[in-house]
Each structure stands twice: as structure tokens, then as C-alpha cells.
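Engineer: need a 3D model of the sequence below.
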Amino acid sequence: MALASTTLLCSSFPLRRSVNSAIHVPKTNNFAVSKIPTRKHVEGLTTFTDSVPLLHDQKNVTNNINSTNNLQHDLSNSTISNNSTITMQLYAILESVSDRIEMHKNVSEQRQNWNNLLLNNINMITLTATTLTGVAAASGAIGAPLLALKISSTLLFSAATSMLLVMNKIQPSQLAEEQRCATRLFKHLRSQIENRIALGNQTEQDVKNLIEKVLALDKAYPLPLLGVMLEKFPAKYEPSVWWPKTRKEGNATERKMKNRKNSTNGWSEELENELREVIEVVKNKDIEDYDRLGSIALKINKKLAIAGPLLTGIAAIGSAFVGNGSAAAIVALMAGSLGAIVNAFEHGGQVGMVFEMYRNCGGFFKLLEETVEATLEEKDLEKRENGEIFEMKMALMLGRSVSEMRELASKSEACRMEGIDVDEFANKMF
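Structural biologist: Numbers count the residues shown, from 1 in each chain. Prediction:
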């Protein structure tokens, strides 16, 4: 029994030590780990030290992002402000154009009234003076009655001559036609501005181009009579020019053509050849014909403008010698009658207006020619107007459908190959 107890005590002692060891070893190990840095602690320290610049970089990145956003916001605000300014400028131009339309319309009506009133008054004066001259010659009056008739007819013929000189100088019918053309062109410009505003994406260049067009129209069709009035009897016929000169940016041969397979913008070789053929017809037929008609109208107007005052002046001189012989009375009567006829034909037939109409038509064909040439010289297809739309516009300007214009181009090419002239005009509208 004692031996068993001793054995039990002996066996329990080592177990107690092992337990104590198990308990104390972790304490010793924990104490050692805290004194000697391990790989884990070194890696942790490295990670911590590396994390400080990373946080700083993140702060810089955030600041850069915020700066970029602020810059984009400022640019966006600047773009919006710029577009708003351009839109306001376009509206200002539109207001100015609308005011010009009203002015030219009113002046056109006023000058047409001038033509009618002056024509009627001068003819009435001329015919009245002719009648008085006939009465003086036929009545056989002498003394004071004859002198009164002679003075009255002479004064009336002289007044008619003076009024005819002024009327032939300013050509009221031609002035009225100029203002009608200006009204129509300003209305067309107003439509362009309204379309530009509706489509958006305006640029400062658009504003400059529109201002140049307005100033070019003002120069082509001035409102005042003194100092800036267009020459009514130029040395030779020249078409009107109401558009600014086209500025070419660089040499056309130096600009590279974009790949047409990637972006043709509605253009093709066939379309370009078609437009060239149509313009050749315009130059060879329409422009030459209007040059001829305009020259004829100018010559007729010049002769009539000289003949009217000359005849009434002769009638005034002849009426002063009525009573001294039948020849003076006959000269006065014939000259007075012919003067009324010439005046009625010149201003009643509005020969000056016809001449201005030919000038305007010649300018239309010249503008069409320059527009097509400038468009075809532009090698960057993206900078051109869409080819299909351009073709349709040109066909409508000529009073044709697109298919009819293509037929005209084919006919022109065939005639050119055969060495003969085309037997029709490009324009069907006028």
C-alpha cells in the first residue's frame, strides 16, 4: 500500500513539471519574440512604411482628378459661354438683316412710284406743250395771245427736258429693280442665318462670313443716290457681284485628299464630272447669251436716254419761233410728239429695269460657276457640302430635276466628244 502511494507520487511529479513547462514555455517564447524582430514583424514594418507614400500618392491622384474635373468644368462653361456669345452675335446679324429687308422693300416701292409719277407728269407736260404749239400755229394769233402761247409751250418743253435729264440719269425703274434684288438676296441670307442658329454648332468663322456677306450686299445694292449710286450707263455690260471674294486656304495641289473609300461625303468621280459638264454648258450658253442681251439692253437704254431730252429740247427751240413760219411749228410738233413716245418707251417699258435684270442674272450664273469651282478645288471631302445635297440644290437653281441635270451632263459630254455645241441652255427657270 505504501509502495503504491510512493509510485503514484513519483509518477505525478514529472506530470506536474510537464504541465508547468507547457505553461511557462509560451511565456518565455512570447517574451523572446517581443525582443527579437522576426521576418513577420520586418515585413509588417516594411508594409507600414511603404503605406505612407502610397497614401500621399492617392491624395495627389485625387487632387489631380479634382483639378481635371474642375478644368473640364471650366472648359465646358467656357464653351457654353462662347457658343452663347456667338448665338447672340448671329441674332444681332439677323436683326440687322431683317431691318435691311424692310428698308430695301420700302425704297423699292418708293422708287417705283417715282418712275410712274415722273413718266406720267413728263408725258403730260410734253403733250400739253405740243398742243399749245399746235394751237399757236393753227389759230393764226398775233401779238400778246401768240406770245403767251409761245412762252407757255417753250417753258413746258424746257421743264420736260430738265426733268427727263434727271430721270434718265437716275433711272428710277432700274433703281427699283436693284432694291427688289437686294430684298430677295437679304431674305435668302436671313434664311441662312436662321438655319445656322437652328442647327447649332456655330463658330466665329460663321459670324465673320455672314458679316462679309451683309457688307458685300450693301456695297452691291446701295441705298443712297448721291455719291454711291451704281453707274447706270457703264462702258460695257458686267454682271452684278453681291458676294464676298472667296479666300483660298493654301494651295489646292498641296492639300491631301482623304481616302474616298472611308469618307466620301456623298461625292464621287461621276458627280464631279457631271458638275464640270453642267458648268461648261452654263459658261458657253447661258452666260454668253445674257452677256449679249445685257449689252443690247445697255445700248438701247443709252440711245433712248439721249434721244428723249434731245427731242424735247428741239421742240422747246422750235416752239419759240412759232409764228415766223410753218417750218418751226412742224419741227416743234414732231419733236414734241416723238419725245413723248421715246419717254414712254424708255420708262414705260422700263428698259433700265430690264438691263438690271440681265446684270442680276449674269451675276447668278457667275456665282454658280465660282461656287462649283471652289467646291471642286477643295480636296478635303469632309469640308465640302454633302455631294447629294449640293447636286439637288444646283439642279433646283437651274430649274431642273436631278435626273434632267444628269441627262444634260451626258449630252454635253457626248457633244464635246463629237466637237459640236450643245443645243440647249442649262437654265430653264429664266
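
Engineer: which ones are touching the closest residue to residue 332 other than its chain neighbours?
Structural biologist: Of all residues not flanking residue 332 in the chain, residue 318 sits nearest, at 3.1 Å (C-beta to C-beta, 6 or more residues apart in numbering). C-beta here means a position set from N, CA and C on the backbone, and glycine is covered the same way. For residue 318, the contacting residues are 133, 328, 329, 331, 332, 333, 335, by C-beta atoms under 8 Å, 6 or more residues apart in numbering.

Engineer: again, only this time at 6 Å
Structural biologist: If a contact means C-beta atoms under 6 Å, 6 or more residues apart in numbering, then residue 318 has 328, 331, 332 as its contacts.

Engineer: any chance of a markdown table for the residues you listed, columns neighbour count, pLDDT and distance to residue 397?
Structural biologist: Output for the contacts of residue 318, formatted as a markdown table (neighbours: other C-beta atoms under 10 Å; pLDDT from 0 to 100; distance: C-beta to C-beta, whole Å):
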| residue | neighbour count | pLDDT | distance to residue 397 |
| --- | --- | --- | --- |
| 328 | 19 | 85 | 58 |
| 331 | 18 | 91 | 53 |
| 332 | 30 | 91 | 53 |
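
Engineer: adding secondary structure and distance to residue 198, write those residues out as TSV.
Structural biologist: Compiled in TSV, those are given as follows (DSSP: H, G, I helix; E, B strand; the rest coil; distance: C-beta to C-beta, whole Å):
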residue	secondary structure	distance to residue 198
328	helix	72
331	helix	68
332	helix	66
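
Engineer: of the residues you listed, closest to residue 188?
Structural biologist: Here the nearest of the contacts of residue 318 to residue 188, counting by C-beta to C-beta, is residue 332; it sits at 51.4 Å.

Engineer: next structured bit after the strand or helix carrying residue 100?
Structural biologist: Using DSSP states H and E, residue 100 sits within helix 39-139. Once helix 39-139 ends, the next helix or strand along the chain (criterion: DSSP H and E) is helix 144-170.

Engineer: so for that next one, mean pLDDT?
Structural biologist: Throughout helix 144-170, pLDDT has a mean value of 92.

Engineer: in it, what's buried?
Structural biologist: Under the neighbour-count criterion of 16 or more other C-beta atoms under 10 Å, helix 144-170 has 146, 149-150, 152-154, 156-161, 163-164, 167-168, 170 buried.

Engineer: buried sites along whichever helix or strand comes after that helix?
Structural biologist: Where DSSP H and E defines the elements, the next helix or strand beyond helix 144-170 is helix 172-199. Using 16+ other C-beta under 10 Å as the burial criterion, the residues of helix 172-199 that qualify are 172-183, 185-187, 189-190, 192-193, 196-197.

Engineer: and if you look at stretch 293-308?
Structural biologist: 293, 294, 297, 298, 300, 301, 302, 304, 305, 307, 308.

Engineer: so where's this structure uncertain?
Structural biologist: Residue ranges of the chain with pLDDT under 70: 1-82, 140-141, 246-263, 324-325.

Engineer: hmm, residue 317 and residue 332 touching each other?
Structural biologist: No. Using C-beta atoms under 6 Å, residue 332 is not in contact with residue 317, being 7.9 Å away.

Engineer: in three-state terms, label residue 242 for me.
Structural biologist: Classification of residue 242 using DSSP: H, G, I helix; E, B strand; the rest coil returns coil.

Engineer: i'd like the first residue to be 54 from this point on
Structural biologist: Happy to do that; since the first residue is 54 now, the last one works out to residue 295.

Engineer: that one: neighbour count?
Structural biologist: 21 (other C-beta atoms under 10 Å).

Engineer: so what does it look like in phi/psi?
Structural biologist: Main-chain torsions, residue 295, degrees, to the nearest 10: phi -120, psi 20.

Engineer: which residue packs closest to it, ignoring adjacent ones?
Structural biologist: residue 273 (3.8 Å).
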